[in-house]
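>>> build me a model:
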Amino acid sequence: MLSNKSSALGVVVLSMAFLGSGSGFRAQQEVITETKTFLTRDAVHPGETFRAALRLSIGPDWHINANPVNDNFLVATMLEFPEGRNFKPVNIIYPPPLPARFEFSEVEVLVYAESVLIGVLFQAGDMVLPGTYKLHGALTYQACNDKSCLPPETLNVEFEVKVVDFETPTRAVNAEIFSRIRFVN
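So this is what the prediction gives:
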């Protein structure tokens, strides 16, 4: 009998071969069926720390690995943003994982399924000028079904942030979304 590590490696190799076929590529595209971004404010001021969220909708019969994972052969979901001159990511908040059992593993695997909210705490630079900015990031994830895992995939993510001067008031938005993310400063 193969060890868990050997079995997981075999699943990844088989999945890579499957991905090379046309049907595997279509299956990969149906894993994340929608991405949507949210901010806590309709605009921000220079120097302000603000919250953002990325919502992923995951297709039926699929899940993605959580962050962190509990198996060295699985790839954790990872959201990353480069630190820029005008904005820097301060913290990424991943949701609590769901423990699940699958044919490809003898132990419980930590996953996200259906809909996932990932929070981001950003800091606007003190000298950022009023205007609209696009913050580009990358979401890396590994999708699996009940039997096997696909190779990791990376999606581009974009938040649009409006910066206003200090005399312009801003208002809170998307309270319902942000009430479901546990931000800790």
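>>> show me where the protein has strands.
Using DSSP state E, the strands of the chain run over 32-39, 49-58, 63-65, 78-80, 87-93, 98-100, 109-112, 115-124, 131-141, 143-144, 153-163.
>>> centre of the chain to the fourth one, how far?
If you compare the mean C-alpha spot of strand 78-80 with that of the full chain, they lie 6 Å apart, counting by CA atoms, centre = their mean, to the nearest Å.
>>> partners of it in the sheet?
Partners of strand 78-80 in the sheet, by DSSP bridges, are strand 131-141 (antiparallel).
>>> likewise for the third one?
Taking DSSP bridges as the criterion, strand 63-65 forms sheet pairs with strand 109-112 (antiparallel), strand 143-144 (antiparallel).
>>> quick one: contacts of it?
Residues outside strand 63-65 that contact it (CB atoms under 8 Å, 6 or more residues apart in numbering): 31-32, 56, 58, 74-77, 98, 100, 109-113, 116, 141-145, 149. All C-beta atoms are positioned from the backbone trio N, CA, C, and that covers glycine.
>>> show the buried residues in these.
With burial judged by 16 or more other CB atoms under 10 Å, the buried subset of those is 31-32, 56, 58, 74-77, 109-113, 116, 141-145, 149.
>>> return the helix or strand in this protein with minimum mean pLDDT.
helix 4-19 (a mean of 37; mean pLDDT, DSSP states H and E).
>>> so A76 versus I118, what's the distance?
Distance from A76 to I118, counting by CB to CB, to the nearest Å: 12 Å.
>>> hang on, I meant E30
As defined by CB to CB, E30 lies at a distance of 20 Å from I118.
>>> look at these two and report which has more neighbours.
Neighbour count, other CB atoms under 10 Å: between E30 and I118, I118 has more, with 21 against 13.
>>> and the nearest residue to the more buried one once chain neighbours are set aside, how many neighbours?
Leaving aside its chain neighbours, I118 sits nearest to L54 (4.7 Å; criterion: CB to CB, 6 or more residues apart in numbering). By other CB under 10 Å, 21 other residues sit near L54.
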